[in-house]
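# Okay, here's the prediction I keep looking at, along with the sequence it came from:
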Amino acid sequence: MTSFWTGERVRLRGVEPEDWADFMRFDAHSGHQRTADALHPPRSAEGYRAWAKEAATAGPEGDVFRLAVEAVSTGELVGTLNTHETDARAGRFAYGIAIGAEHHRKGYASEAAVLLMRFMFAERRYHKCEVQVYAYNEASLELHRRLGFVEEGRLRDNEFLAGRYCDVIMMGLLADEFAARHSLGEL
């Protein structure tokens with residue numbers, strides 16, 4: 001039997017202190033930062049070490065947590081994902097995912113998202129997953145459509161990035177829609 005957190009391509013695991021150099025390398029690609037978040041000033045290697053050490057020792061706060069995404073075939077860190085805006089009473093959660101630019105288009109993001117949603121739907125009893133995607137990020141929009149997400153709205157000129165405002169697309173996926181497309185795993 002394999003781990004609940006391991007798929008064919010990726011394994012989700014906690015962030016380790018030694019992951020700092022990979023996160024620094026991911027952030028060095030400013031194009032990647034623009035699709036993941038606002039552009040930030042450069043951080044020192046020591047800053048990355050401190051961040052990774054803190055992330056490695058931080059436990060989940062309820063259902064809010066961060067995981068490292070590791071390639072099964074090589075053991076290499078390829079990205080990260082995190083849950084946020086969890087509302088157990090309403091049954092909603094959101095997540096974010098970032099895969100290093102050199103690891104795009106290898107199926108890592110989709111498999112990591114499925115593993116995460118399987119946990120949140122089947123184990124934590126959430127009813128709906130929500131994501132917000134910058135309208136210009138066609139790769140992320142296509143990823144979420146393939147996963148079964150439905151566009152639920154558009155926040156016009158909601159974020160300011162790279163000197164201009166951009167729309168944010170709100171997308172959602174219900175637990176039963178997920179189960180119809182993806183296995184909920186072994187019981």
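That came through, no problem.

# the helices in this structure, which residues?
Ranges of helices within the chain are 20-27, 30-36, 45-57, 108-118, 138-147, 175-181, based on DSSP state H.

# gap between the third one and the chain center?
For helix 45-57, the distance from its own C-alpha centre to the chain's C-alpha centre is 19 Å (C-alpha atoms, centre = their mean, to the nearest Å).

# repeat for the fourth one
Per C-alpha atoms, centre = their mean, the displacement of helix 108-118 from the mean C-alpha position of its chain is 8 Å.

# of all the helices of the chain, which lies closest to G7?
helix 108-118 (4.4 Å; C-beta to C-beta). The C-beta positions use only the backbone N, C-alpha and C, and glycine is treated the same way.

# Spatially, what comes nearest to D63 if we skip its sequence neighbours?
Using C-beta to C-beta, 6 or more residues apart in numbering and skipping the chain neighbours, the partner closest in space to D63 is T86 (4.2 Å).

# do the same with A179
Once flanking residues are discounted, A179 sits nearest to F121: 7.2 Å by C-beta to C-beta, 6+ apart.

# circling back: wait, the residue nearest to D63 touches G62, no?
Yes. Taking contacts as C-beta atoms under 8 Å, T86 lies within contact range of G62: 6.1 Å.

# ok, back up a step: so who does the residue nearest to D63 touch?
Listed by C-beta atoms under 8 Å, 6 or more residues apart in numbering, the contact partners of T86 are G62, D63, V64, R92, F93, A94, Y126.

# Check the spacing between the residue nearest to the fifth one when sequence neighbours are not counted and N158 real quick.
Distances taken as C-beta to C-beta, 6+ apart place T86 nearest to F93, at 4.4 Å, with adjacent residues excluded. When distance is defined by C-beta to C-beta, to the nearest Å, T86 is 21 Å away from N158.

# Could you report the pLDDT at the residue nearest to D63?
Listed pLDDT for T86 reads 97.

# cool, the one 10 residues further on as well?
You'll see G96 listed with a pLDDT of 94.

# how many neighbours does it have?
16 (other C-beta atoms under 10 Å).

# Beta-bridge partners for it, please?
Counting by DSSP bridges, G96 is bridged to N82.

# so it sits right up against L81, yeah?
Yes. Between G96 and L81 a contact is recorded at 6.6 Å, counting by C-beta under 8 Å.

# Quick one: residues contacting E70.
Neighbours of E70 in contact, by C-beta under 8 Å, 6+ apart: V10, R11, L12, R13, E76, L77, V78.

# Any of those residues buried? List them.
Buried by 16 or more other C-beta atoms under 10 Å: V10, R11, L12, L77, V78, out of the contacts of E70.

# residues touching the last one, list them.
Taking C-beta under 8 Å, 6+ apart as the contact definition, V78 lies against V10, V69, E70, A71, I99, G100, H103, K106, Y108.
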